[in-house]
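Colleague: My questions are about this predicted structure, shown below with the sequence.
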Amino acid sequence: MVFKSQSKSYNLRAICSQVVFDVLDKGVSLSNALVQCTNKLNDKDRALVQEICFGIMRVLPEIEFYIQSLMVKPLTGKNRIIHYLLMVGIYQIVYTRVPEHASVGDTVNGVISFRKTALKGLVNGVLRSFLREQDALKQQFLAKGNTTLHPSWFIKRIKHAYPDQWQAIIDNNNQKPPMWLRVNQQHYSAQDYQTLLLQHGITSTIDVKLPTALRLDVPVAINKLPKFTEGVVTVQDRSAQHAAYLLDPQNGEAILDLCAAPGGKTTHILELAPQANVLAVDIDSERVKRINENLSRLKLNADVIVGDGVKPEQWAKGKKFDRILLDAPCSATGVIRRHPDIKWLRRDSDISELAKLQYQILVNIWSYLKVGGTLVYATCSILPEENSLQIERFLKETNDAKLVEPVIQYLPSEEEGDGFFYAKLNKI
Ligand SMILES: C[S@@+](CC[C@H](N)C(=O)[O-])C[C@H]1O[C@@H](n2cnc3c(N)ncnc32)[C@H](O)[C@@H]1O
């Protein structure tokens, strides 16, 4: 499909449907699909595409319900992309303030971008039927549809793990997340940066517990943040900001940040201890590039390498560390409100696979921690299989490991942060 961006003859609904198609049919993450499909758009159009695509991921079962109710059989094969175009049109009618006739008109024109002119009538017909029947369909959805807006495997797991809190977790996952910043205290206090933000018309609230965390009252584009390119702030959720504080890095220490990309926590460690010798390791060479970009924006130094956490013997060269942060690959079920595509990309079977990988990395990296050293195990999951159960098992099977209480499990939106798990272990 060709979008002509310079002449601005592109159709934003068509671009949205391409993004949604890439996520749901090809399994690309929403962030990556957005980068690929919107890199030629101006800021305003990109923001609109983002808003629509994030929104669709949040309420997917509702939109699917409407399409299924209105069509005798679903569009498949080469016409599948038009199914997603319909989704975009219906989402706009239900959830945005774009006038209904414009939503229908632009969506119908989107068919041309995919050279599927023969389906114009069908798209027009489905959208007009939706306009006529939307109130009744909404009632039917509320009575019979999947109003949790989450996959059933996830609901089952979350009900089991949190019998009293599962509904609140689901409700919070369905909200839009706040935007948190981490102020680099090498340059600014949170109070001074708050004042600077205000001079740019951006209001914010400083976290009561974390000295570096600042929540924007309304999220803004990164390029609107004063002194961002100079490295004064980093966008990072408040729960994620706990990692470096728990690790408590000291200048001069050898510190391993394992599973480090894109470097959000690596740079925080170095903001707290700029003279620490930090080794940042990640298996994904593309993501590793982003650690280097973040380090250079913040003018911080670390050794950065591509390496597999399961096989430290390949890259650690016998070195031992005073502190290790293991930010393990996980289901990311604590950050669904931030990445709603996770609901549709994850599978139930991923959880046991991830748990196996996490445990293997933890066991294998433990021997690279010095006696008296500290390891912080972190995930952005809320599932016990990836968190507390891993630590319980590790403590049973590892004689020289001692837990430093408390184990922390943040649930999504708790203290306005993401769902995160932390356990701190000492080597005795
Ligand atoms: C939760 S993300 C890390 C976020 C990062 N710590 C930060 O704060 O910016 C998990 C990372 O684990 C990496 N990863 C997955 N499997 C790995 C493995 N076997 N060894 C090393 N890194 C791995 C992924 O590439 C991903 O970047």
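Modeller: Arrived safely, thanks for sending.

Colleague: List the buried residues in the least confident helix or strand in the chain by mean pLDDT.
Modeller: Among the helical and strand segments of the chain, the one scoring lowest on mean pLDDT, DSSP states H and E is helix 100-113, with a mean of 88. Residues of helix 100-113 classed as buried by neighbour count (16 or more other Cβ atoms under 10 Å): Ser103, Val104, Asp106, Thr107, Val108, Gly110, Val111, Ser113. To be clear about C-beta, it is placed using only N, CA and C from the backbone, and glycine gets the same treatment.

Colleague: what's that helix in contact with?
Modeller: With contact meaning Cβ atoms under 8 Å, 6 or more residues apart in numbering, helix 100-113 is reached by 1-3, 10-14, 17, 82, 85-86, 88-89, 92-93, 96, 117, 119-120, 123-124, 127-128, 131.

Colleague: Same question for stretch 309-324.
Modeller: Defining contact as Cβ under 8 Å, 6+ apart, one finds that stretch 309-324 is touched by 247-250, 253-256, 258-259, 279, 281, 283, 305, 307-308, 326, 357, 360-361, 364-365, 368-370, 373-376.

Colleague: Centre of the chain to it, how far?
Modeller: Mean C-alpha position of stretch 309-324 versus that of the full chain (Cα atoms, centre = their mean, to the nearest Å) differs by 28 Å.

Colleague: That stretch: end-to-end distance?
Modeller: Distance across stretch 309-324, first residue to last, is 12 Å (Cα to Cα, to the nearest Å).

Colleague: that older thread, nearest to Leu214 among the buried residues of helix 100-113?
Modeller: Ser103 (36.6 Å; Cβ to Cβ).

Colleague: re the thing from before, list only buried entries from the contacts of helix 100-113.
Modeller: The neighbour-count test (16+ other Cβ under 10 Å) marks 3, 10-14, 17, 82, 85-86, 88-89, 92-93, 119, 123-124, 127 as buried among the contacts of helix 100-113.

Colleague: correct me, but His150 touches Ile169?
Modeller: No: contact criterion Cβ atoms under 8 Å: His150 and Ile169 do not qualify, at 9.3 Å.

Colleague: The two: which is more packed in?
Modeller: Neighbours per residue (other Cβ atoms under 10 Å) separate His150 from Ile169, with Ile169 holding more: 25 against 22.

Colleague: Show the subsequent helix or strand relative to the least confident helix or strand of the chain.
Modeller: helix 120-144 (DSSP states H and E).

Colleague: Quick one: list the elements packing against that following helix.
Modeller: Helix 120-144 sits against helix 43-70, helix 80-95, helix 100-113, with contacts defined as 3 or more Cβ pairs under 8 Å, 6 or more residues apart in numbering; DSSP states H and E.

Colleague: Could I get the average pLDDT for that helix?
Modeller: Averaging pLDDT along helix 120-144 yields 96.

Colleague: Over to stretch 246-264?
Modeller: For stretch 246-264, the per-residue pLDDT values average out at 98.

Colleague: Just the buried positions in stretch 227-242, please.
Modeller: For stretch 227-242, burial by neighbour count (16+ other Cβ under 10 Å) applies to Gly231, Val232, Val233, Thr234, Gln236, Asp237, Arg238, Ser239, Ala240, Gln241, His242.

Colleague: Off-centre distance for it?
Modeller: The answer for stretch 227-242 is 15 Å, by Cα atoms, centre = their mean.

Colleague: Output that stretch as CSV, restricted to C-alpha atoms.
Modeller: The C-alpha atoms that make up stretch 227-242 are tabulated as CSV, following Å, rounded to 0.1, in the frame of the first residue of the first chain:
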residue,chain,number,x,y,z
LYS,A,227,15.5,20.5,28.1
PHE,A,228,14.6,16.9,27.2
THR,A,229,17.3,16.7,24.5
GLU,A,230,19.8,18.1,27.1
GLY,A,231,19.1,15.0,29.3
VAL,A,232,17.3,16.8,32.1
VAL,A,233,14.4,14.4,32.1
THR,A,234,13.4,10.9,31.1
VAL,A,235,9.9,9.5,30.5
GLN,A,236,9.5,6.7,33.1
ASP,A,237,6.7,5.4,35.1
ARG,A,238,6.9,5.9,38.9
SER,A,239,6.8,2.2,39.7
ALA,A,240,9.7,1.6,37.3
GLN,A,241,11.6,4.4,39.1
HIS,A,242,11.7,2.2,42.2
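
Colleague: could you dump the buried residues of stretch 227-242 to TSV with secondary structure?
Modeller: Formatted as TSV, these follow (DSSP: H, G, I helix; E, B strand; the rest coil):
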residue	secondary structure
Gly231	coil
Val232	coil
Val233	strand
Thr234	strand
Gln236	coil
Asp237	coil
Arg238	coil
Ser239	coil
Ala240	coil
Gln241	coil
His242	helix
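
Colleague: Out of the residues you listed, which comes closest to the ligand?
Modeller: The ligand lies nearest to Ala240 out of the buried residues of stretch 227-242, by Cβ to the nearest ligand atom, at 6.2 Å.

Colleague: What residues does the closest one make contact with?
Modeller: For Ala240, the residues meeting the contact criterion (Cβ under 8 Å, 6+ apart) are Gly264, Lys265, Cys380, Gly417, Asp418, Phe420.

Colleague: Strands of the chain, residue ranges please.
Modeller: If you assign secondary structure with DSSP state E, the strands in the chain sit at 179-183, 204-206, 213-216, 233-235, 254-258, 277-282, 303-306, 321-327, 369-379, 401-410, 420-427.

Colleague: is it possible to export those strands to JSON lines including distance to Glu293?
Modeller: Formatted as JSON lines, those follow (distance: least, Cβ to Cβ, whole Å):
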{"stretch": "strand 179-183", "distance to Glu293": "16"}
{"stretch": "strand 204-206", "distance to Glu293": "25"}
{"stretch": "strand 213-216", "distance to Glu293": "22"}
{"stretch": "strand 233-235", "distance to Glu293": "12"}
{"stretch": "strand 254-258", "distance to Glu293": "16"}
{"stretch": "strand 277-282", "distance to Glu293": "12"}
{"stretch": "strand 303-306", "distance to Glu293": "10"}
{"stretch": "strand 321-327", "distance to Glu293": "18"}
{"stretch": "strand 369-379", "distance to Glu293": "22"}
{"stretch": "strand 401-410", "distance to Glu293": "28"}
{"stretch": "strand 420-427", "distance to Glu293": "24"}
